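Enquirer: Okay, here's the prediction I keep looking at, along with the sequence it came from:
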Amino acid sequence: MFRNIKVGIILLFGISLNIFGQNQRAVYLDDSKPMNERIEDALSRMTVQEKVAMCHAQSKFSSAGVPRLGIPDLWTTDGPHGIRPEVLWDEWSQAGWTNDSCIAFPALTCLAASWNKDMALLYGKSIGEEARYRNKNVLLGPGVNIYRSPLNGRNFEYMGEDPYLSSKMVVPYIKGVQENGVAACVKHFALNNQETDRNGVNVNVDDRTLYEIYLPAFKAAIQEGDAWSIMGSYNLYKGQHCCHNQYLLKDILRDEWGFKGAVIADWGGVSNTREAIFNGLDIEFGTWTDGLKKGTSNAYENYYLAKPYLDMIGKGEVGTKELDEKVRHILRLAFHTTMNKNKPFGSFGTQEHALAGRQIAEEGIVLLKNTNNVLPIDLKKTKRIAVIGENAIKMMTVGGGSSSLKAKYEISPLDGIKKRVGAQTEVVYARGYVGDPGGSYNGVVTGQDLSDKRSADELLAEACAVAKTADYVIFVGGLNKSDYQDCEGVDRVSLNLPYNQDKLISELTKINKKLVVVNISSNAVAMPWVTKVPAIVQGWYLGTESGNALAAVLMGDVNPSGKLPFSFPVKLEDNAAYTMGEFSGKNHQVSYNEGIFLGYRWHDKQNIKPLFSFGHGLSYTTFEYGKVTADKKEIISSDKITFTVNVKNTGKREGSEIVQLYISDLQSSVPRPVKELKGFDKISLNSGETKTVSFTVDSSALSFFDTGKHAWVAEPGDFEAIIGASSTDIKTKTGFKLK
Ligand code: GLC
């Protein structure tokens with residue numbers, strides 16, 4: 001009897017073990033298990049060949065998973081403003097798909113100009129849904145390289161000149177993207193502040209400038225945004241390419257910031273197997289080489305982290321410790337994305353995303369000047385509007401390099417204005433000038449025929465003629481993301497507007513007093529006609545809903561609330577990098593001699609009056625600031641201090657105001673900027689309404705980076721909290737002491 005029971009128990013145990021055994025999923029596939037356990041389990045099952053295969057591209061935009069273990073391939077996509085159309089497996093050329101026309105969102109400078117973190121979240125969520133729907137696992141963006149010079153071709157993909165503004169705006173964008181189970185890949189890490197000689201220039205910058213200006217937005221992206229991946233940049237720092245740079249990728253990214261995600265090389269940014277192994281790179285993309293020279297095929301097995309790596313392991317020249325580290329980072333990325341069973345399904349090309357883009361555009365457009373309230377246009381008193389300029393009709397969702405898109409549609413400024421004014425007002429158009437009549441960008445054919453045989457004089461004459469007979473003239477010009485005009489790979493050659501636009505604008509000022517100039521660009525431009533033009537609007541590359549957003553602001557449906565994320569110098573000599581003699585450098589060397597004094601920090605230091613200041617932007621209403629007060633007169637370094645100020649809408653219509661907090665260290669042992677942005681809040685006020693804005697900061701807002709201590713230090717002494725409507729429009733300030 002007893003024996004039977006014993007046999008029964010053993011049998012029962014055996015069966016249950018077996019069932020349990022069958023049901024017990026491999027740990028790496030069991031998302032109830034801790035991430036680290038899943039990573040170690042997957043790693044333990046992989047061969048060296050499978051591990052090496054994971055560390056380099058297998059096609060233009062994908063890298064291998066582990067087919068045998070059911071770990072999917074990893075698909076990346078450009079770019080920060082929308083999901084790039086599909087390209088061929090092995091080439092940049094268009095794949096010719098018919099289901100990949102996306103919603104194009106405004107350029108990131110426009111998002112930065114909104115100073116609205118909610119817009120950054122909306123942006124990330126929307127573009128993340130588009131990426132998710134297209135089954136892309138890594139979005140190659142956002143870009144947060146600091147705006148050092150208005151000549152940098154890629155400033156339009158970044159968030160301006162101030163590390164604090166960029167840091168605050170990049171975090172919600174990343175959160176929004178990643179809530180879709182799509183990894184953000186913050187780029188280009190680091191010091192990629194020019195396009196000239198971008199693959200070869202070595203950036204010389206002191207530590208304090210690196211930590212105070214060029215790293216903060218990346219640090220925020222990693223530590224606050226929890227970015228799951230980051231892209232190394234092409235340039236060099238301390239003589240090593242940033243895609244395999246021990247200082248940036250190991251000492252700072254891993255050791256100081258605790259990054260656990262994957263480091264992805266910029267396309268073609270890897271040039272050395274041993275450095276790629278030991279200096280912190282995880283995945284090599286875009287190396288166009290047959291292993292010996294620039295080849296005609298991508299020859300993925302000849303990538304630096306492919307066969308050459310495998311051979312070095314096989315010969316015992318290197319171990320597999322670094323390889324396992326790389327694969328751990330890539331598996332973590334996989335568990336967040338390709339193997340994340342809880343990710344939503346996304347959506348693509350939707351009206352919801354188009355309206356999100358429009359809202360961001362409307363919040364980012366900046367009213368730079370509005371003498372005599374020329375704007376908004378009162379359609380009841382306006383019989384005819386003349387729209388002049390190529391940028392009123394030219395598609396802008398294309399061009400600019402890798403961020404170029406195939407948009408589902410794009411409303412041009414002219415179309416938007418025509419649609420908005422309806423039958424009550426006549427809209428006439430004149431080209432004014434011919435800029436870039438091209439019609440194909442990265443293989444995306446716009447279908448626009450912008451060819452025009454007329455001479456510049458004929459175009460000018462026609463523009464002047466239509467301007468004469470109109471109640472309003474809206475000139476839409478600027479740059480256009482063609483070469484040298486806000487484009488990857490080539491910096492601008494001048495601060496001036498191209499295509500002789502200055503002459504045309506000056507002529508128009510003589511003909512019509514109600515002239516509005518809309519500058520479509522993502523870089524500062526010189527405005528020699530600034531005193532003669534009554535109304536100036538900074539319109540960015542606004543994406544799919546460009547024309548509707550612009551028309552809404554010009555006609556007053558929307559009260560503009562954007563403020564500049566970078567300074568407009570009057571002339572190039574007023575720019576720090578230019579004046580300090582080192583924009584784009586020579587002989588593959590560039591030195592950031594201006595140090596921390598760039599943008600408004602430079603203008604404050606040198607008493608230079610900018611054309612338009614960092615943080616400047618007008619409204620169709622007016623605001624009045626009260627006196628700022630502090631809840632303490634002195635603090636110790638562990639304290640927080642709160643500054644409070646009332647803001648009233650003293651105009652006739654609702655409007656939003658971006659209240660800015662700058663901190664000034666009145667006595668310091670090292671040179672410090674006159675003031676630095678350490679807080680901002682965008683508030684919406686009805687006519688007559690008052691709101692109380694408060695900023696609570698701790699000693700980190702008072703600190704500078706002490707390179708001797710390699711730490712942030714707040715020195716005791718006197719400080720000032722400065723409240724401004726821009727970096728030069730100071731409303732009120734109050735002193736306080738750090739004991
Ligand atoms: C480009 C860009 C990078 C882009 C990548 C893939 O050269 O520098 O921003 O994501 O290659 O197109």
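Expert: That came through fine. Numbers count the residues shown, from 1 in each chain.
Enquirer: What score does the residue in the stretch 1-150 of the chain that the ligand sits nearest to have for pLDDT?
Expert: Among all residues of the stretch 1-150 of the chain, residue 140 sits closest to the ligand, at 3.7 Å; criterion: CB to the nearest ligand atom. All C-beta spots, glycine's among them, are computed from the backbone N, C-alpha and C. At residue 140, the model reports a pLDDT of 98.
Enquirer: Over to the one 4 residues further on?
Expert: Among the per-residue scores, residue 144 holds a pLDDT of 98.
Enquirer: wait, doesn't it sit right on residue 222?
Expert: No - applying CB atoms under 8 Å as the test, residue 144 and residue 222 come out as separate, 11.0 Å apart.
Enquirer: So between these two, which is more surrounded?
Expert: The residue with more neighbours, out of residue 144 and residue 222, is residue 144; 30 against 23, by other CB atoms under 10 Å.
Enquirer: who in the stretch 351-500 of the chain is up against the ligand?
Expert: Proximity of the stretch 351-500 of the chain to the ligand is confined to residue 402 under the rule CB under 6 Å from any ligand atom.
Enquirer: quick one: the residue in the stretch 401-550 of the chain positioned nearest to the ligand and residue 154, what's the gap?
Expert: Residue nearest to the ligand within the stretch 401-550 of the chain: residue 402 (3.6 Å; CB to the nearest ligand atom). Look at residue 402 and residue 154: by CB to CB, to the nearest Å, they are 9 Å apart.
Enquirer: Please enumerate the shared neighbours of these two.
Expert: Taking CB atoms under 8 Å, 6 or more residues apart in numbering as the criterion, residue 402 and residue 154 both touch residue 488.
Enquirer: neighbour-wise, which of the two wins?
Expert: Comparing residue 402 with residue 154 by other CB under 10 Å, the one with more neighbours is residue 154, at 27 against 18.
Enquirer: doesn't residue 205 make contact with residue 191?
Expert: Yes - assessed by CB under 8 Å, residue 191 is found in contact with residue 205 at 6.5 Å.
Enquirer: Quick check: neighbours shared by the two?
Expert: Contacts common to residue 191 and residue 205, judged by CB under 8 Å, 6+ apart, are 214, 237.
Enquirer: So for those two, which sits in the more crowded spot?
Expert: residue 191 (28 against 22).
Enquirer: did I read that right, that one in a strand?
Expert: No - the assignment for residue 191, made by DSSP: H, G, I helix; E, B strand; the rest coil, is coil rather than a strand.
Enquirer: mind listing what it touches?
Expert: So residue 191 contacts 145, 203, 205, 210, 214, 233, 235, 237, 242 (CB under 8 Å, 6+ apart).
Enquirer: who wins for most neighbours among those?
Expert: residue 242 (28 neighbours).
Enquirer: Against residue 200, how distant is that residue?
Expert: For residue 242, the distance to residue 200 - CB to CB - is 12 Å.
Enquirer: Name the residues contacting each of the two.
Expert: With CB under 8 Å, 6+ apart as the test, residue 242 and residue 200 both reach 235, 236.
Enquirer: which residue ranges form the helices in the stretch 451-600 of the chain?
Expert: Listed in chain order, the helices found in the stretch 451-600 of the chain under DSSP state H, counting those that start in this stretch are 456-468, 501-511, 546-554, 576-579, 600-606.
Enquirer: Out of those, which one sits most buried?
Expert: helix 546-554 (a mean of 26; mean count of other CB atoms under 10 Å).
Enquirer: Point out the other helices and strands that that helix packs with.
Expert: helix 351-364, helix 413-421, strand 515-520, strand 535-539 (3 or more CB pairs under 8 Å, 6 or more residues apart in numbering; DSSP states H and E).
Enquirer: circling back: strands - which of the contacts of residue 191 land there?
Expert: The members of the contacts of residue 191 that map onto strands under DSSP state E are 203, 237.
Enquirer: where does this structure dip in pLDDT?
Expert: In the predicted model, the chain carries pLDDT under 70 at residues 1-23, 289-296.
Enquirer: got the residues of it near the ligand?
Expert: 78, 79, 140, 187, 266, 267, 402.
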